[in-house]
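Asks: would you be able to build a 3D model of this:
(chains A and B, ligands or ions: 2)
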Amino acid sequence: MITIKIPSDINFENAMSVYSDISSQISENEEIGFDMEGVVLNSITKALIRKICVEHPNKICIDEELKKEVFYAHDDDSRFDEKEPVDPEPFIESLGSRIYALYGKILFFFVIIVDMVFYSVEFLFNRKFVLKHDTTRNAYQIGYKAIPIVFLLAFLIGFTIALQAAIQLAQFGGQTYIATMSTMIMTKELGPLITAIIIAGRTGSSIAAEIGTMVVMEEVDALKTMGIKPFKFLLVPKFWAVTLVMPILTTIANIAGITGGLIVSTIYNIPFGAFISQMLEALLMKDIFWGTVKSISFAWVILAVGCFKGLNVRGGADAVGRATTESVVVSIFMVVAIDALFSIILYT
Amino acid sequence: MLKVENLTAGYGNNIILEDISFSIENGERFVVLGESGCGKSTLMKAIVGLNPPISGNVFFKDNEIIHPLPENTTFYKEIGILYQSSALMTSLTLEENVMLPINMHYPDFPLKNAKDIACEKLAMVNLYQHRDKYPQELSGGMKKRGALARALVMDPDIIFFDEPQAGLDPVTARDLDMLFIKLNEQLKTTYFIVTHELLSIKRSAQKVLMLADKKVLFFGTFEEAMQSDIYKVKRFFNVDKYGK
Ligand SMILES: Nc1ncnc2c1ncn2[C@@H]1O[C@H](COP(=O)(O)OP(=O)(O)O)[C@@H](O)[C@H]1O
Ligand SMILES: [Mg+2]
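Replies: Ligands and ions are numbered 1, 2, ... in the order given. Purely as a prediction, here's the structure:
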């Protein structure tokens, strides 16, 4: 049995060299004790002793007091109690409980959608629990403020697509079809889709953040215990705001995208009058109607996802951040999926 | 006023409180105390229905409160809650916050009169000059007072306080306690105060309920609590003398 002197000045810088020093002494001997004279048990010293004890369990003899202190085992700690290892949950069962959890989430999501629509309709007859002017304020925030970005993005995408198409069409003299193509692709698909993606990024994320913060700050609890229905208070003004502004924004997107096509056809020397007459021919009531239906349903899904993610926040600021990100990702995914579904139903 | 019988509460399968019974008289300042994590907030949430009890009965003014409450319940108009984080709506000014319950429950009530009531309540808690500020622009003590004004606005019969002095300096905490006591004597509103601040308990408690190990450890008047022979009660009031 030899005794190793533990230095009293271990710090984060010299710890590794002290460690290798002690390790080499240990490897030459069979039974080791420590001389702790003057040593302060700060965190790095404890960590060092802990590491050595774990690596050489059969060689080190230290007294129980020190061991307890070093292995942070306090009275209520069961670290040293021998425990049967717990069997991990069998695959099937863990799959089962995951499906069950998923089922709960999907159910909650539908509850939100149903509640949202129910309270929004009920609101027309009963103005309780909704702030005055909140709908207008939301319409301004969600709609008016988004006009420039919707216009710009739709214009650029409309322009780019028309340009690419024109290059192909020009090869067999079909430039005149730019107007038809721009109009159809915007009203049928891209108008609603571009608008929805912008709304998901702007509004969906802000709803998730707003509701998530309110959950963290106990504001949602406070609403409940003031007898105010949080769903109605939070969602109804936003519901009517998006339902109102979505068709308008989609129309703006359509106009911007077709304008992009117009510029391309001007580049290809197609007369303005010819473009307009072709455009009017391609502009079908059916497409505009279904485009509007689509855009409104996208908006509702975005709202519901934002609300769902916000209400599920558990924790603090980081959880709010995660909810915001997830709400954008999930709502964009759902928008695209629903769009595909609509296409299959309407155009096949 | 409020009677709780054999209440069991918890989260999921995790039972936090078991077989809790007590009753509160009209106008009383009733204090729930106990160490951190013993379930004081859980008890409050169970009574007001934020986390409904697993079993047991709660009677409020002789009517049983069963969650989910019916659509036309008046329960939430008759209680006020002061949350630990104040829980003022951050998107509304102080005045709008205090008006909120009136606007929500009585949408046809004239705005001007609602404002007037809100201002009177804000004056009551000495915040009248700050009525146009947002909650983020107020100090902790001011937020608590603002939340109290909101809790008072519907003239509730009982106000629940969750650790009202948490995070406040002793002087502000004392001022707040004095305000609570003054309003309690003036309005005869029943108080249900969750706290573990010794000074505050000594100032305001009339009845005391002490929780420990999921159960009621002590229930009685404040004077009885001070003279109690139960070890944990004695220790709570004289920690330095008894230690661990
Ligand atoms: N939302 C929750 N979900 C699960 N457990 C909780 C929740 N809130 C509190 N708890 C647990 O309940 C116990 C009592 O908490 P609480 O009532 O907040 O104590 P306190 O007396 O300090 O107010 C604690 O052990 C806590 O971990
Ligand atoms: Mg608490």
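Asks: how is the chain carved up into domains?
Replies: If you meant another chain, say so; for now it's chain A. A:2-79, A:117-347 (automatic domain parsing).
Asks: that answer is for a different chain, and I need it for chain B
Replies: According to automatic domain parsing, the ranges for chain B are B:1-78+B:157-163+B:189-244, B:83-155.
Asks: could you check whether the first one is close to chain A?
Replies: Yes - contact of domain B:1-78+B:157-163+B:189-244 with chain A is found when judged by CB under 8 Å from any CB of the partner chain, involving B:V48, B:G49, B:L50, B:T73, B:F75, B:Y76, B:K77. C-beta: built from backbone N, CA, C; applies to glycine.
Asks: is that domain up against ligand 1 anywhere?
Replies: Yes - under the criterion of CB under 6 Å from any ligand atom, ligand 1 is reached by domain B:1-78+B:157-163+B:189-244 at B:Y11, B:N14, B:I16, B:G34, B:S36, B:G37, B:C38, B:G39, B:K40, B:S41, B:T42.
Asks: test my guess that A:T225 contacts B:I47.
Replies: No - applying CB atoms under 8 Å, one finds A:T225 not in contact with B:I47, separated by 10.4 Å.
Asks: top helix in chain A by residue count?
Replies: If each helix of chain A is counted by residues according to DSSP state H, the longest one is helix A:230-267.
Asks: tell me which residues of that one are tucked away?
Replies: By neighbour count on 16 or more other CB atoms under 10 Å in any protein chain shown, the buried set for helix A:230-267 is A:230-262, A:264-265.
Asks: run a quick neighbour tally on residue 144.
Replies: This is for chain A. Look at A:Y144: counted by other CB atoms under 10 Å in any protein chain shown, it has 12 neighbours.
Asks: please refer instead to chain B.
Replies: Neighbour tally, B:K144, other CB under 10 Å: 29.
Asks: who touches it in this structure?
Replies: For B:K144, the contacting residues are B:L82, B:S86, B:P164, B:L168, B:L176, by CB atoms under 8 Å, 6 or more residues apart in numbering or on different chains.
Asks: now do the helices in chain B.
Replies: B:40-48, B:75-78, B:94-105, B:111-124, B:140-152, B:170-187, B:198-204, B:222-226, B:231-237, B:239-242.
Asks: make JSON lines from these and add mean pLDDT to it.
Replies: Converted to JSON lines, the helices of chain B look like this (pLDDT from 0 to 100):
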{"stretch": "helix B:40-48", "mean pLDDT": "94"}
{"stretch": "helix B:75-78", "mean pLDDT": "92"}
{"stretch": "helix B:94-105", "mean pLDDT": "93"}
{"stretch": "helix B:111-124", "mean pLDDT": "92"}
{"stretch": "helix B:140-152", "mean pLDDT": "93"}
{"stretch": "helix B:170-187", "mean pLDDT": "92"}
{"stretch": "helix B:198-204", "mean pLDDT": "92"}
{"stretch": "helix B:222-226", "mean pLDDT": "93"}
{"stretch": "helix B:231-237", "mean pLDDT": "90"}
{"stretch": "helix B:239-242", "mean pLDDT": "82"}
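Asks: how much space between the residue of chain B found nearest chain A and ligand 1?
Replies: Nearest to chain A in chain B, going by CB to the nearest CB, is B:Y76, at a distance of 2.9 Å. B:Y76 sits 21 Å away from ligand 1, going by CB to the nearest ligand atom, to the nearest Å.
Asks: repeat for B:S86
Replies: 16 Å.
Asks: same check, this time on A:S343
Replies: Taken as CB to the nearest ligand atom, the span from A:S343 to ligand 1 is 44 Å.
Asks: so where does that residue fall, helix or strand?
Replies: Take DSSP states H and E as the rule and A:S343 turns out to sit in helix A:317-347.
Asks: still on that earlier bit, just the buried members of the residues of domain B:1-78+B:157-163+B:189-244 next to ligand 1?
Replies: By neighbour count, with 16+ other CB under 10 Å, these hold B:I16, B:G34, B:C38, B:G39, B:K40, B:S41, B:T42 as buried.
Asks: counting by contacts, list what the helix or strand of chain A with the lowest mean pLDDT packs against.
Replies: In chain A, the helix or strand scored least confidently by mean pLDDT, DSSP states H and E is helix A:64-70, which has a mean of 81. Helix A:64-70 is packed against helix A:43-55, with contacts defined by 3 or more CB pairs under 8 Å, 6 or more residues apart in numbering or on different chains; DSSP states H and E.
Asks: contact partners of the helix it packs on?
Replies: Applying CB under 8 Å, 6+ apart, the contact partners of helix A:43-55 are A:6, A:10-12, A:15, A:18-19, A:22-23, A:26, A:34, A:39, A:60, A:62, A:66-67, A:69-72.
Asks: out of those residues, which are inside strands?
Replies: Mapping the contacts of helix A:43-55 onto strands (DSSP state E) picks out A:F34, A:I60.
Asks: any idea how far the closest residue to A:F12 other than its chain neighbours is from A:R50?
Replies: Take A:F12 and drop its neighbours on the chain: the residue closest to it by CB to CB, 6 or more residues apart in numbering or on different chains is A:I44, 5.6 Å away. A:I44 sits 10 Å away from A:R50, going by CB to CB, to the nearest Å.
Asks: same thing with A:I255?
Replies: Distance from A:I255 to A:R50, by CB to CB: 70 Å.
Asks: low-scoring stretches of the stretch 1-150 of chain A, by residue?
Replies: The model of the stretch 1-150 of chain A has pLDDT under 70 over residues A:73-89.
Asks: ok and the residue in it nearest chain B?
Replies: Closest point on the stretch 1-150 of chain A to chain B, by CB to the nearest CB, is A:R127, at 4.3 Å.
Asks: same question for chain A.
Replies: For chain A, CB to the nearest CB, closest residue to chain B: A:G227, 2.9 Å.
Asks: count the neighbours of the closest residue to that residue other than its chain neighbours for me.
Replies: Setting aside the residues directly before and after it, A:G227 is nearest to B:Y76 in space (CB to CB, 6+ apart), at 2.9 Å. Here the count is done by other CB under 10 Å, and B:Y76 has 21 residues near it.
Asks: A:A179 now?
Replies: A:A179 has 26 neighbours, counted by other CB under 10 Å.
Asks: element containing it?
Replies: helix A:178-185.
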